[in-house]
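A.B. asks: Make a model of this:
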Amino acid sequence: MNFECQIAREENLDVVSSILTEAAQWQRESGAPRWKEEDLTPTRLRQKVRSGIYHIGFRCKDPAGVFSLESIDELFWPGFKDGDALFLHKLAVRRKFAKTGVSYDLLKCAQKIALGCGKKYLRLDCDASRPRLTAFYRDFGFTQVKSIDLGGYIAARFQIELAVGSSL
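C.D. replies: Okay, here's the model as predicted:
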């Protein structure tokens, strides 16, 4: 199926917010809340969208998912400031696209962006107590580096090495 990613612009703010909010509602309803819905409003996201860290994935021109890429992650990856990685956050898929490969497509887009920026790694963190999620990242090709305890919240940290010169 046709899939493409683009940097979210301010005119996409409502789309980014709605996809993230839908994912947060699903997390809450599934008993695994991670994101606070009040942090996902257009007002709260505006500056981050303006800064260019959010990306939208489109399946046949329909907004299907989002993610953000940041150059530093002091909370989950303290001490990793060498500039050899981008850090993936807020990977979210509209429920109507769940289990259709959109998450995989979004990860491929993030890989291509990181590679295009000359990075050696794409890194992420997730809730270590969610075995299906950690298995998804492993199956994609990520390696678990280490977990980090943030006051009772255990985050599993993953990275994938990017092949310089690869076209993905």
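A.B. asks: where does the residue lying closest to residue 161 once chain neighbours are set aside fall, phi/psi-wise?
C.D. replies: Leaving aside its sequence neighbours, residue 161 sits nearest to residue 121 (C-beta to C-beta, 6 or more residues apart in numbering; 5.9 Å). C-beta coordinates here come from the backbone N, C-alpha and C atoms, glycine included. Phi and psi for residue 121, reported as degrees, to the nearest 10, are phi -130, psi 150.
A.B. asks: what stretches of this structure score poorly on pLDDT?
C.D. replies: Residue ranges of the chain with pLDDT under 70: 1, 164-168.
A.B. asks: Of all residues in it, which one is nearest the centre?
C.D. replies: residue 91 (3.1 Å; C-alpha atoms, centre = their mean).
A.B. asks: Look up which helix or strand that residue falls in, please.
C.D. replies: Using DSSP states H and E, residue 91 sits in strand 85-93.
A.B. asks: That strand - contacts with which helices or strands?
C.D. replies: Applying 3 or more C-beta pairs under 8 Å, 6 or more residues apart in numbering; DSSP states H and E, one finds that strand 85-93 contacts helix 13-29, strand 62-70, helix 102-116, strand 121-127.
A.B. asks: closest one to residue 141 among the ones you listed?
C.D. replies: Smallest distance to residue 141 across these (C-beta to C-beta): 8.8 Å, for helix 102-116.
A.B. asks: what's the angle from the closest one to strand 85-93?
C.D. replies: 160 degrees (axes from the mean of the first three to the mean of the last three C-alpha atoms, to 10 degrees).
A.B. asks: Buried residues, helix 102-116. List them.
C.D. replies: Neighbour counts over helix 102-116 (16 or more other C-beta atoms under 10 Å) mark 102-103, 105-115 as buried.
A.B. asks: What of stretch 64-80?
C.D. replies: Buried, per 16+ other C-beta under 10 Å, within stretch 64-80: 64-70, 73, 76-77, 80.
A.B. asks: Just name the closest of those residues to residue 129, please.
C.D. replies: residue 76 (15.2 Å).
A.B. asks: On the three-state scheme, the closest one is what?
C.D. replies: Counting by DSSP: H, G, I helix; E, B strand; the rest coil, the backbone at residue 76 sits in coil.
A.B. asks: Check what contacts the strand holding residue 91 and list those residues.
C.D. replies: Outside strand 85-93, the residues within contact range by C-beta atoms under 8 Å, 6 or more residues apart in numbering are 19-20, 22-23, 35, 54, 64-73, 76-77, 102-103, 106-107, 110, 113-114, 117, 119-124, 159.
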